[in-house]
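> build me a model:
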Amino acid sequence: MPAVTHGREVLMPGVSVGAVRSRRRTLRAIAVNGSAPALLAAGYATVTWSDPHRGAMLAVAATMVLAGVLLWTRSGRLAGSRRGRLVALLAGSAVTLTGSAVLALLDGGVAGPLGTLVPGSVMLLAIVLPPAAFPVVGAYSALAYASVVFWGDPAPAGYAVVHVLGFAGSAVLCRRHAAVLIGLRRRLADSSRTDPLTGCLNRRGFDERVAAALAGAERTGEPVTLILLDLDHFKTVNDSHGHRAGDDLLTWAGRELRAGLRGPDAAGRLGGDEFALLLTGTDAGGAASAVDRVRARLNRCAPSSLGSATFPYDATDAAGLSAAADRRLYADKAGRDRHAPSAAAVAEAGAELGEQRSNDPEPCSAPTRKRHAIADPGWMAVAQTGTAAVYVLLFAGGHPHRSGMVALCFWGFATGLALVAGADRLSRSRLARPLMLAFAVSSFLSCAAIAALDGGVAGPLGIGMLLAVPLLMLGLRRAIAAPVAVATGALYVTVAVTVGGASLRYVVISLLATAAAAVATATQGRAAARQRELLTALSRVDALTGVLNRRGFAERFTAETGRARGVALLVFDLDGFKQLNDSAGHAAGDELLRWVAATLRRAAQPHDVVGRLGGDEFVVLLTDVGSPGATDDAGLPGAIGDTAADAARRLRTALAERTPASVGAAVLDRDGDDFDALYAVADGRLYVDKSDRVRAKNAATSATTQSAARLRNPARNEPVASFTAPSR
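Below you'll find the model as predicted:
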């Protein structure tokens, strides 16, 4: 199938728009990072035009910039092809490294102002290259730097070794940190597409998987089957055993559906007790067998109604497949003798889950990121001081300050290891920020002292003062990292001025190269932070209604209960929602759920929190409902209980425009001190409310029926019911 044009991007079949845009960003980052050393060298050559080879240096720099411009302009088309993207990445990296090596040779070798271009370019490439390409680029960079060492002017003893080890350590740590961020984003992206209760894909994730499968099927001609299913009389489970038992049954059903999948297949929870299966390579004949297998697997605890549709026999797009499967589901529902799961089956499902009820790990927690941000500077200190120790032991045998340099290396190495070892505990401590600041001051002063003892910033160990800056900009917040980077630059200049031994051009080029690397890593870090924030929001929002999902609501509950003055939890359940789904279809039910979410958000106070836990179950967290009062005769808290009751009545009245709803309320510190406790109390009161309203409705219906019967049979000589009391 030919490629498809999407804006300026060319999409190959089966490649998503998001993947292409991510690849395009990588290619453009390679183009920018590859042009940075060229622009730096061009400025340097212009300022020192009277020195040899400046025309050749400008020509090389211009070639590198043109290659970057070409890669940037072609990035949209190249990103659509995996092979083209990989070739472009390797070619762009090769141009950058080759050009950097030639520029360093033209300037005199590794000890000249441009001698750090090759290892510096590796550090820039490390933060943007994919894992598969980085080892190849790293090997080529070693050859490029070796050519500069071999053919360039002689450098001081140990100079090349120190620079190779120092830059390699910094590049590896930058690469490691970037890989951690990528891994966290990947886990968070998976979380944003996963239902937190059942572990199946949520509606957003399942829709994306269906779209990708149909795109592949159009290319290969392979059939794809969609199976939709509803748990029979699930509402009865909730009404009879409570929402906690219903959640256990849903979790059990999701686990069973996922356990029966093959590698490329997928299971999703579309909402409430509605699940879906995507079976690739399954034709219409195989679909009937698959339906039978799924029905048999679920029958033990969660009997279900199912319907299937197959591409391309029943429909050729996702909407058509869903409509065809939905029609067959309701035909199956109408043609079977359905019954609710027994109490024993519900209990069995809950017992099988065991500890898996709370198996939804935090996909990308702040402590995890904080732990890495603390440990990485420690590893950097270990790498820097370890490199300095190698130099002192191997190349500084007769150095007059050898003992002092060894002592400083030992101090930096020991404090770095201590920081790495204590990163986990420190990430949970309030002392993290002051201790990290103290460590940064100690680390940079140690590096400055080592460089000063070695003869200044132009010596082999001088570059160690600047190597940590790009990593800090990648891992720390800009408000913290930027002042540290500026202070480091000032310290570098101070050593250069006071100790001497370095030319102005060497100092300026070193600072500008470090600044370019810092800007590149800071840009990468901010982009990662923006993606993380977006994915965090997606992972905590219900895809159908736009309110918080179970995970997001639980997090907000924890945050709000820590600072709100009075907190109450309201749990809402829509009466008759299952009948609406069964009679009008899931599309009508979905539309009502969206309306309910919007109505609750509109009717609630701005500081209250609205969430959907699943199905037709909504929750509202009242975050400022007054001060705790005394308990009244009915056992409800005074001031807070009354306010929660008022809010419950107001919200239920708002919902009554389209749907009746049952509601239960619980108050923090009176009914429980955490979400689970409040939910259990509110859920119990919800079912008391539901039972009372059902009895009232039945009584009203019974009285109306009896009155009508009496009016039809006046000969029975029975008194006719009246709205006024009889006179005595």
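> from here on, just use CA atoms for contacts and neighbour counts.
OK.
> for the residue nearest to residue 505 when sequence neighbours are not counted, phi and psi?
Once flanking residues are discounted, residue 505 sits nearest to residue 113: 6.8 Å by Cα to Cα, 6 or more residues apart in numbering. Taking degrees, to the nearest 10, you get phi -60, psi -30 for the backbone angles of residue 113.
> residues near residue 113, how many?
Number of residues near residue 113 (other Cα atoms under 10 Å) recorded here: 24.
> against which helices or strands is the host helix or strand of residue 59 packed?
Element membership for residue 59 (DSSP states H and E) is helix 54-73. Helices and strands touching helix 54-73, by 3 or more Cα pairs under 8 Å, 6 or more residues apart in numbering; DSSP states H and E, are helix 17-47, helix 82-106.
> average pLDDT for the helix or strand that comes right after that helix?
Proceeding N to C from helix 54-73, the next assigned helix or strand is helix 75-79, under DSSP H and E. On average, the pLDDT along helix 75-79 is 84.
> so, low pLDDT: which residues of the stretch 301-450 of the chain?
For the stretch 301-450 of the chain, the stretches flagged by pLDDT under 70 are 354-369.
> can you show me the helices along it?
Along the stretch 301-450 of the chain, counting by DSSP state H, counting those that start in this stretch, helices occupy 318-334, 343-353, 366-395, 402-421, 423-426, 432-453.
> tell me who's in contact with residue 269.
By Cα atoms under 8 Å, 6 or more residues apart in numbering, the contact list for residue 269 reads 195, 198, 200, 201, 202, 203, 254, 275, 276.
> and it, that one's in a helix?
No. Assessed with DSSP: H, G, I helix; E, B strand; the rest coil, residue 269 is strand; it does not lie in a helix.
> that one: what's its closest spatial neighbour, skipping adjacent residues?
Using Cα to Cα, 6+ apart and skipping the chain neighbours, the partner closest in space to residue 269 is residue 275 (4.4 Å).
> residues in contact with the helix or strand harbouring the one you found?
Residue 275 is located in strand 274-280, with elements delineated by DSSP H and E. Applying Cα under 8 Å, 6+ apart, the contact partners of strand 274-280 are 210, 213, 222-231, 257, 264-270.
> what's the first helix or strand after it?
Where DSSP H and E defines the elements, the next helix or strand beyond strand 274-280 is helix 284-298.
> hmm, residue 557 and residue 675 touching each other?
Yes. At 7.1 Å, residue 675 counts as touching residue 557 under the criterion of Cα atoms under 8 Å.
> in terms of neighbours, single out the busier of the two.
Comparing residue 675 with residue 557 by other Cα under 10 Å, the one with more neighbours is residue 557, at 20 against 16.
> pLDDT wise, what is the more buried one at?
pLDDT for residue 557: 88.
> which residues sit in contact with it?
Taking Cα under 8 Å, 6+ apart, we find residue 557 in contact with 621, 675.
> coming back round to it: buried set for the helix holding residue 59?
54, 57-58, 60-65, 67-69, 71-72 (16 or more other Cα atoms under 10 Å).
> want to throw those into TSV with distance to residue 171 and pLDDT?
As requested, the buried residues of helix 54-73 are arranged in TSV below (distance: Cα to Cα, whole Å; pLDDT from 0 to 100):
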residue	distance to residue 171	pLDDT
54	29	94
57	26	96
58	27	96
60	25	96
61	23	95
62	26	96
63	25	96
64	22	95
65	23	95
67	23	94
68	21	92
69	25	94
71	23	92
72	24	92
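> among these, which pair sits farthest apart?
The span of these, defined through Cα to Cα, is set by 54 and 72 at 26.9 Å.
> just the buried ones out of the contacts of strand 274-280, please.
Buried subset of those (neighbour count, 16+ other Cα under 10 Å): 210, 213, 222-231, 257, 265-270.
> the strand holding residue 275: partners in the sheet, and parallel or antiparallel?
strand 224-231 (antiparallel), strand 266-271 (antiparallel) (DSSP bridges).
> nearest to residue 330, out of those?
Among the strands paired with strand 274-280, the nearest to residue 330 by Cα to Cα is strand 224-231 (9.4 Å).
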